[in-house]
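Novice: no sequence on this one, just coordinates:
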């Protein structure tokens, strides 16, 4: 029997246990797992250092290396994420919409786990703990296929999580890690017998491959070509700080600002202020003709810059005549992730909220807040940029489905 099939069978058996697990037992296991992560800090850092050294030898970009890196603070954030998930209400078992039909049948919906969730992701070790925590709390088993660049880190994290489950007399197979090559990943995407849904997290190439090749249903997460539009009525000092935060606070994440759109009426006053602030982080600016007339030393933006997720200290700048042009530009080039308007005009703010097609739309705030933790979900399974079932940061509720429950007292259909 193939190892992959064995893993699928084990996950399915574990899911049958998790499906009916009480909230108390789930929360106890999550808190124990959090404690074990904290206690295993040195072990996790050592494993991550092996991955980092290998990545540096390969010449991994700064943005991707940032995603790969674990620090003491990030490990503590991982463990706190598990505790936060434990503290959340359990959606499983919630019954809604109970209505009595004229024939006496009482019909409602009950929230239930998805089953076995498969997650394919790139070199982000924190996803390993987040995915486990959310899937487990929602009653799902999870099969993880992480990027090879984070192989040591992921293995160490999963080992800690499985040990914690065993200590709670729960099946360690509630979280499984695949370590094979691309052929194994291809087979994994076709395991309809064992896997109920696949969620890809990573770059455009990975997501496109999973969407196109998987026979298992996919919840599509997306890359983040996130825009900030600075309207003519914006508070410019505030705008400088918001753009600086959205671009530089952490560059290797999907909610970082990659594209700036500026009303031409304020370009001459705003762009030099912004350029001076971004120079503190050596951000490279790429602008259109009007932006370059104001900042004559910056590089000319090419067509591909308008739709690019840099994951680097690079920002494109597009100037527009009005909010209509801004909205049209953003809707053409965005990836459906997170978009923001900085404005003091109430009508423009509401129009932007209404007309921008994205999972998260902001007024006068950084796009960096599109995150499960920031939205109060404890953690996130990913940012869904599709429009079916889930959109935006995916928490516990998005990892459940519903089934109809019907109470009768002898009804038969005439």
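Specialist: Alright, I've got the coordinates. The structure displayed is predicted, hence computed values, not measured ones.
Novice: quick one: the helices in this structure?
Specialist: 3-18, 23-39, 41-58, 62-68, 72-87, 125-137, 151-167, 182-188, 204-213, 236-248, 264-278, 289-294, 323-333, 346-355 (DSSP state H).
Novice: and among these, the most buried is which?
Specialist: A comparison of the helices of the chain by mean neighbour count, using mean count of other CB atoms under 10 Å, puts helix 125-137 on top with a mean of 27. The way it works is simple: take the backbone N, C-alpha and C, and place the C-beta from them, glycine included.
Novice: give me the mean pLDDT for it.
Specialist: For helix 125-137, mean pLDDT is 95.
Novice: for stretch 322-331, same thing?
Specialist: Confidence over stretch 322-331, taken as the mean pLDDT, stands at 98.
Novice: neighbouring contacts of it?
Specialist: Taking contacts as CB atoms under 8 Å, 6 or more residues apart in numbering, the residues outside stretch 322-331 that touch it are 227, 229, 231, 259, 261, 263, 306, 318, 320, 339, 341, 348, 351-352, 355-357.
Novice: could you rerun that using 6 Å?
Specialist: Counting contacts by CB atoms under 6 Å, 6 or more residues apart in numbering, the residues outside stretch 322-331 that touch it are 227, 229, 261, 318, 320, 339, 348, 355, 357.
Novice: for these, pick the one with the most neighbours.
Specialist: When neighbours are counted by other CB atoms under 10 Å, residue 339 leads the contacts of stretch 322-331 with 30 neighbours.
Novice: who's that one bridged to?
Specialist: Listed beta-bridge partners, residue 339: residue 227, residue 361 (assigned using DSSP bridges).
Novice: ok, it to residue 124 distance?
Specialist: 23 Å (CB to CB, to the nearest Å).
Novice: likewise residue 50?
Specialist: 16 Å.
Novice: cool, residue 176 as well?
Specialist: With distances taken as CB to CB, residue 176 is found 18 Å from residue 124.
Novice: what of residue 109?
Specialist: The span separating residue 109 from residue 124 equals 34 Å under the rule CB to CB.
Novice: same thing with residue 341?
Specialist: If you go by CB to CB, the gap between residue 341 and residue 124 works out to 29 Å.
Novice: returning to what we had before: which one of the helices of the chain lies nearest to residue 196?
Specialist: Of all the helices of the chain, it is helix 3-18 that lies closest to residue 196, at 8.5 Å by CB to CB.
Novice: still on that earlier bit, which of residue 341 and residue 124 has more neighbours?
Specialist: Here residue 341 and residue 124 are compared on neighbour count by other CB under 10 Å; more neighbours surround residue 341, at 28 against 24.
Novice: what's stretch 284-298 in contact with?
Specialist: Residues from elsewhere that reach stretch 284-298 (CB under 6 Å, 6+ apart): 267-268, 271, 275, 299, 301, 305, 314-319.
Novice: that one: end-to-end distance?
Specialist: The first residue of stretch 284-298 is 8 Å away from its last residue (CA to CA, to the nearest Å).
Novice: determine which two of the contacts of stretch 284-298 are furthest apart.
Specialist: Taking CB to CB as the measure, the contacts of stretch 284-298 reach their widest spread between 268 and 314, a distance of 22.6 Å.
Novice: next, count neighbours for residue 391.
Specialist: When neighbours are counted by other CB under 10 Å, residue 391 registers 17.
Novice: check contacts around it.
Specialist: Counting by CB under 6 Å, 6+ apart, residue 391 has contacts 359, 384.
Novice: re the thing from before, need the contacts of stretch 284-298 in CSV with distance to residue 334 and pLDDT, can you?
Specialist: Putting the contacts of stretch 284-298 into CSV (distance: CB to CB, whole Å; pLDDT from 0 to 100) gives the following:
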residue, distance to residue 334, pLDDT
267, 21, 97
268, 26, 97
271, 21, 98
275, 24, 97
299, 22, 95
301, 16, 96
305, 14, 96
314, 17, 97
315, 15, 97
316, 12, 98
317, 16, 98
318, 12, 98
319, 17, 98
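Novice: pick the one among these closest to residue 414.
Specialist: Compare each of the contacts of stretch 284-298 with residue 414 using CB to CB and the shortest gap goes to residue 318, at 64.9 Å.
Novice: name the nearest residue to that closest one, ignoring sequence neighbours.
Specialist: Using CB to CB, 6 or more residues apart in numbering and skipping residues adjacent in sequence, the residue nearest residue 318 is residue 261, 5.0 Å away.
Novice: quick check: bridge partners of that neighbour?
Specialist: On the basis of DSSP bridges, residue 261 is bridged to residue 229, residue 318.
Novice: tell me how far it lies from residue 8.
Specialist: From residue 261 to residue 8 the distance is 46 Å (CB to CB).
Novice: for residue 396, which of the helices of the chain is the nearest?
Specialist: Checking those against residue 396 by CB to CB gives helix 125-137 as the closest, at 5.7 Å.
Novice: off-centre distance for the closest one?
Specialist: Here the centre of mass of C-alpha atoms in helix 125-137, compared against the chain's by CA atoms, centre = their mean, to the nearest Å, lies 12 Å away.
Novice: what's it packed up against?
Specialist: Judged by 3 or more CB pairs under 6 Å, 6 or more residues apart in numbering; DSSP states H and E, the packing partners of helix 125-137 are helix 72-87, strand 116-121, strand 141-145, helix 151-167.
Novice: try it again at 8 Å.
Specialist: With contacts defined as 3 or more CB pairs under 8 Å, 6 or more residues apart in numbering; DSSP states H and E, the packing partners of helix 125-137 are helix 23-39, helix 72-87, strand 116-121, strand 141-145, helix 151-167, strand 175-177.
Novice: now those as JSON lines including distance to residue 370 and mean pLDDT?
Specialist: Formatted as JSON lines, the entries for the helices and strands packed on helix 125-137 read as follows, by distance: least, CB to CB, whole Å; pLDDT from 0 to 100:
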{"stretch": "helix 23-39", "distance to residue 370": "24", "mean pLDDT": "98"}
{"stretch": "helix 72-87", "distance to residue 370": "16", "mean pLDDT": "95"}
{"stretch": "strand 116-121", "distance to residue 370": "17", "mean pLDDT": "96"}
{"stretch": "strand 141-145", "distance to residue 370": "23", "mean pLDDT": "97"}
{"stretch": "helix 151-167", "distance to residue 370": "24", "mean pLDDT": "98"}
{"stretch": "strand 175-177", "distance to residue 370": "26", "mean pLDDT": "97"}
